[in-house]
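Asker: need a 3D model of the sequence below.
(2 chains)
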Amino acid sequence: MSEVDMQVIKPEMMKSYIWLQTADGSIQQVEQEVAMFCPMICHEIIQKGMGSSKNHAISLPQRVNPAMLSLILDYCRFHQVPGRSNKERKSFDERFIRMDTKRLCELTSAADSLQLKPLVDLTSRALARIIEGKTPEEIREIFHLPDDLTEEEKLEPLKNSTDDPRIRLLNRLYARKRKELKERDKLKSVEAEEERVDDRSVDDLLSFINGGNGEVRKFCFTDSKGVKTSKGKKKNRRRKDPQKNASADESVESHEKDSNGLNFVCHRTELDKLRPHPGETSKLPDVEDDAFAHKVLFDDGDIDDEIDPALKEEIDREVEDFARRLNSDWPERMQEILSLGQERRPVHFFH
Amino acid sequence: MEMELDKISNLPGHAIDQILSNLSITEAVRTSVLSSKWRYKWATLPHLAFGNQCFPVSSQDHAIVKNKLVNIVDHVLLLHNGPIYKFKLSHRDLLGITDIDRWILHLSRRPIKEFVLEIWKGQRYKMPSSLFSCHYLIHLELFNCLLKPPLTFKGFKSLKSLDLQHVTLAQDVFGSLISSCPLLERLTLMNFDGFTHLNIDAPNLQFFDIGGTFENISFENTFCLTVISIGLYANVGNEKRRAYANSSSNLLNFFAHLPCIQRLEVQSYFLKYLAIGIVPRKLPTPCVHLNYLSIRMNFNDVEEVIAALCLLRSSPNLQELEVLARPEEHATMATFTNCWEDNHFSLPFNQLRQVKIVGIFGIKPELNFINFLLLASPVLEIMSVKPASINGGWELLKELLRFRRASMQAEIIYLDP
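Answerer: Numbers count the residues shown, from 1 in each chain, chains lettered A, B, ... in the order given. Predicted coordinates:
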């Protein structure tokens, strides 16, 4: 329809039109009530008085190209009509987002620049549905994402802010145990002196955090008390035990099972624990420890073949015990510290 | 070429957030291995929801599930970078573990606006005091929790919506909690203990949904309250009924501070509660805004019928009415005076268009009530009747056919039970 036609029709239809200009320079006339559905355009008209003539056309953001504009206007044209049922709107929306992912992204971007929130919500949901349940490789292929992360980067902790002393301690413990294991495997008779040093430092730290063994037991008890169902001590123990699975076993054994990546988050945590903390590496007595840890990362589960199962079990038990104590104890102590702080405050007030 | 095609990575941050917030937290975090641009995109996600989809149900052992869940939440919170506005934790295997304390403390240091915690298993989880220092909370939703705020707690000044289900609160805690949330608009209380007297002092309250066991309920400063759904889950004992028989009417007290009520649902035994005391013929001030009323009642209980009548007489602008018979009390009475007789002449429902009657047995008092409604509703359009059982369906139908109707358009729909 030419501009002249529009001018002729305009009075008959009793509709006002506004002028829009896309980044490529093309100008078009659009029903005002439709265009006003976009908050950005609405703002231009009301606040700045733009769009009333061709010379004062509203220039749209860069991200809105003519193709996207016409799509967005279709959307607005449908939804600005009052009295449509939710069902109608929903089925329109469903049909509307049937397009390739590239266009869906462009549309999201364009709608966003026009502040058209309902459409951004709609397209975002559609994009999320595309991502959902896919492997990283599939997602990369669909969206043409560059695979610019090294395998190492993909496996390393997401961010190096892991300063949790629990994790650090666990890392050290693992490193120590691995080393011990290796040495025993080689049937070396000499007990490395450094080992004892390391041993002590872990114990020191452990007792520092735990504040003595007696308290540990107490905390374990209070922690399990809050369960309604009457479970025997054995049961309680069981509840705690699976730390083993969460720390040692899971990371190694279920590595392959989890290849779909659904367990990614906890996976990360495990890897994080297994791997010596970068800051710690230098302190570790043996460089081989580090290499070993990397082996764990890359050889995925081969590790079991090298270790005597009985030994492995013993180590796992120790590690899990360690982790259990740390886990059950830590929040309690935090609470204690906090409540101390709260109790102290009023005292300060009165003095 | 690749870069050019990669449209999604260059979307503005909040659009990415929008996409990620439509994914489960696990999937959102997983995007960090996609590419360098996606490395930390998830870490600014302002809404975090940890639900059943956090990980697949591959493990039968709850302890494994618990540990995984703890690891996931720890990890996400540790790596998250930016404000967290919404935090939801609701996993079917979640017990009230102390790890939650740590998370709440962490969140309390951020401008958290919405907090949802649902403990599906085990005992009530005692909320840590840090929860009560979340001053920016707008929406708080707790399931199976125990609330004991610190003495220094001054209320949630921004809270607009509070949803407490299966909670324990001391009497004084409950009273002060409600009155110290001045902006409260929506309140849901279901299955609570520790308090039995409900005094609702909330000047901005609009929506109130309650179901539980309680002694009494009163309102104060509830000028804005428009929607109420209220259920009393325990019957009022005869002893109590007799003791308060000559006291002031619960019905009067209940409506004294509800000038704007538009929708009311009287569920379970609450009509029994309203029937206590000397019930007036009608309320001194009619509920002129009430357009929807749902009552569950025992048609054989004269006290309840009188209370219901008072309620109906005081609701001149009712448009929709639902009446549900209480199924457990359907023993027919030998002698029964028809409370519904002659009432229609003084009381036309000039707005009533839809009536739903559910769970009746076809006994005389029920039929009298239907007859009364048909005669008193000149603009009635639909009355649907759904009996409790198929037995006596034909008899009921025959009776229904005979009733005269004040409305020309009235359509009676018999629904199979």
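
Asker: let me know the secondary structure of residue A:23.
Answerer: coil (DSSP: H, G, I helix; E, B strand; the rest coil).

Asker: off-centre distance for the helix with the most length in chain B?
Answerer: Identified as the longest helix of chain B according to DSSP state H is helix B:62-79. Mean C-alpha position of helix B:62-79 versus that of the full chain (C-alpha atoms, centre = their mean, to the nearest Å) differs by 31 Å.

Asker: which SSE is immediately downstream of that helix?
Answerer: As assigned by DSSP states H and E, the chain's next helix or strand after helix B:62-79 is strand B:86-91.

Asker: so what strands line up beside that following strand?
Answerer: Paired with strand B:86-91 in the same sheet, following DSSP bridges, are strand B:47-50 (parallel), strand B:114-119 (parallel).

Asker: hmm, back to that, report the angle between the longest helix of chain B and strand B:86-91.
Answerer: Angle, helix B:62-79 to strand B:86-91, by axes from the mean of the first three to the mean of the last three C-alpha atoms, to 10 degrees: 170 degrees.

Asker: helix B:62-79 vs chain A: in contact?
Answerer: Yes. Against chain A, helix B:62-79 shows contacts by C-beta under 8 Å from any C-beta of the partner chain at B:62-64, B:66-68, B:70-72, B:74-76, B:78-79. Heads up, the C-betas are built off the backbone N, CA and C, glycines and all.

Asker: among the residues you listed, which two are most distant?
Answerer: Within the residues of helix B:62-79 next to chain A, B:62 and B:79 form the most distant pair, 25.9 Å apart (C-beta to C-beta).

Asker: what would the strands paired with strand B:86-91 look like in TSV with mean neighbour count?
Answerer: Putting the strands paired with strand B:86-91 into TSV (neighbours: other C-beta atoms under 10 Å in any protein chain shown) gives the following:
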stretch	mean neighbour count
strand B:47-50	20
strand B:114-119	20
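
Asker: got these as TSV, with distance to residue B:16 columns?
Answerer: As requested, the strands paired with strand B:86-91 are exported to TSV (distance: least, C-beta to C-beta, whole Å):
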stretch	distance to residue B:16
strand B:47-50	13
strand B:114-119	20
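
Asker: right, and the ones you listed - which one's nearest residue B:159?
Answerer: strand B:114-119 (10.2 Å).

Asker: average pLDDT across that closest one?
Answerer: Taken as a whole, strand B:114-119 carries a mean pLDDT of 96.

Asker: how far away from the center of its chain is it?
Answerer: On C-alpha atoms, centre = their mean, the centre of strand B:114-119 falls 17 Å from the chain's centre.

Asker: also stretch B:134-154?
Answerer: Counting by C-alpha atoms, centre = their mean, stretch B:134-154 comes out at 19 Å from the chain centroid.

Asker: about what we covered before: between residue B:62 and residue B:79, which has more neighbouring residues?
Answerer: residue B:79 (19 against 16; other C-beta atoms under 10 Å in any protein chain shown).

Asker: look up how far residue B:25 lies from the more buried one.
Answerer: In this structure, residue B:79 and residue B:25 are 12 Å apart, going by C-beta to C-beta, to the nearest Å.

Asker: dump the residue contacts of residue 145.
Answerer: With no chain named, the answer covers chain A. A:139, B:6, B:8, B:9, B:34, B:35, B:37, B:38 (C-beta atoms under 8 Å, 6 or more residues apart in numbering or on different chains).

Asker: you answered for a different chain; I wanted chain B.
Answerer: Contacts of residue B:145 (C-beta under 8 Å, 6+ apart): B:96, B:117, B:119, B:124, B:125, B:126, B:127, B:164, B:166, B:167, B:168.

Asker: how about TSV for those, with secondary structure added?
Answerer: Listed next are the contacts of residue B:145 as TSV, based on three-state DSSP:
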residue	secondary structure
B:96	coil
B:117	strand
B:119	strand
B:124	coil
B:125	strand
B:126	strand
B:127	coil
B:164	strand
B:166	strand
B:167	strand
B:168	strand
